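Engineer: Provided below for reference: sequence and predicted model.
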Amino acid sequence: RITTMASNNSNGQAFLGFVVPGGPVRTDFTPTDSTKLTLTLNAPDDLPTPLSSVSDVVCFLLPGSPIPPTHGLLIYWQVVTPDFTTGFELLGALTQSRPSDVFRTNWSQHEQISNYTSSSHARVVLGVSMERLEEIENVVAHQSQNTRLFVAQKIANDLFQYMQSFDSGTAGEGKLVVPTNIFDRWMTRFTSRYRQDANFFMKNQN
């Protein structure tokens, strides 16, 4: 029964854990209804700062979890600061067949979070929802597709901006004049910058 998700927590029986590598394990999720839980983490108290430095987190089901084999958990995150509040974005999923996982936050690639250098208080809200396995598979597959497309668009944009930097505007509207070895030069530059910061092209705001 799905209702055991809330009843287990209300009886003090934890079944879901969260940890930032090097930090303490948190299991104090709060039920909001029969199929949903939340956990609020404060920075800098519970999380390192800046938040963009947190690249990975670990989530896991504890022994005795009430999650049935036909269901799993979708885990979302939201960042709340005095300056902005993000929407809820998918962190990952857990099932009985995969009861633990290391999830990438991608916070260093998030424009608002990566640019947020204030020492002011910030909160990360984790939202957990129990869903059928079919729904989980659809949501995770959709996120994967969107992520690959987004990365491809960022790389293409970096190339376009690099090509624009060589254009003098003499070719007329809608045309670029660039060196014949432009792609080799861009790849050399891209590789060098990537080795220094693997997410540099994701931070391009232009």
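Structural biologist: All right, it came through fine.

Engineer: Provide a list of residues in contact with residue 110.
Structural biologist: 52, 79, 86 (C-beta atoms under 8 Å, 6 or more residues apart in numbering). In short, each C-beta sits where N, CA and C put it, glycine included.

Engineer: Which of those has the largest number of neighbours?
Structural biologist: Neighbour counts for the contacts of residue 110, by other C-beta atoms under 10 Å, peak at residue 79, which reaches 23 neighbours.

Engineer: Now do the phi/psi pair for it.
Structural biologist: Main-chain dihedrals, residue 79, degrees, to the nearest 10: phi -110, psi 130.

Engineer: For the longest helix along the chain, which residues meet the burial criterion?
Structural biologist: If you go by DSSP state H, the chain has its longest helix at helix 133-164. Within helix 133-164, the residues that count as buried by 16 or more other C-beta atoms under 10 Å are 133, 136, 154, 158-159, 162-163.

Engineer: Same check on stretch 63-80?
Structural biologist: So stretch 63-80, judged by 16+ other C-beta under 10 Å, has buried residues 65-67, 71-79.

Engineer: Tell me which two of those residues sit farthest apart.
Structural biologist: 66 and 79 (28.9 Å; C-beta to C-beta).

Engineer: any idea which helix or strand comes after the helix or strand hosting residue 75?
Structural biologist: Applying DSSP states H and E as the criterion places residue 75 in strand 71-80. Of the helices and strands lying after strand 71-80 in sequence (DSSP H and E), the nearest is strand 89-95.

Engineer: Not counting that following strand itself, show me its contacts.
Structural biologist: Here strand 89-95 makes contact (C-beta under 8 Å, 6+ apart) with 16, 57, 59-61, 67, 71-78, 100-101, 103, 105, 126, 133, 136, 139-140, 143.

Engineer: Who are the contact partners of the most centrally placed residue in the chain?
Structural biologist: Most central in the chain under C-alpha atoms, centre = their mean is residue 105, positioned 3.4 Å from the mean C-alpha point. Residue 105 makes contact with 54-57, 77, 91, according to C-beta under 8 Å, 6+ apart.
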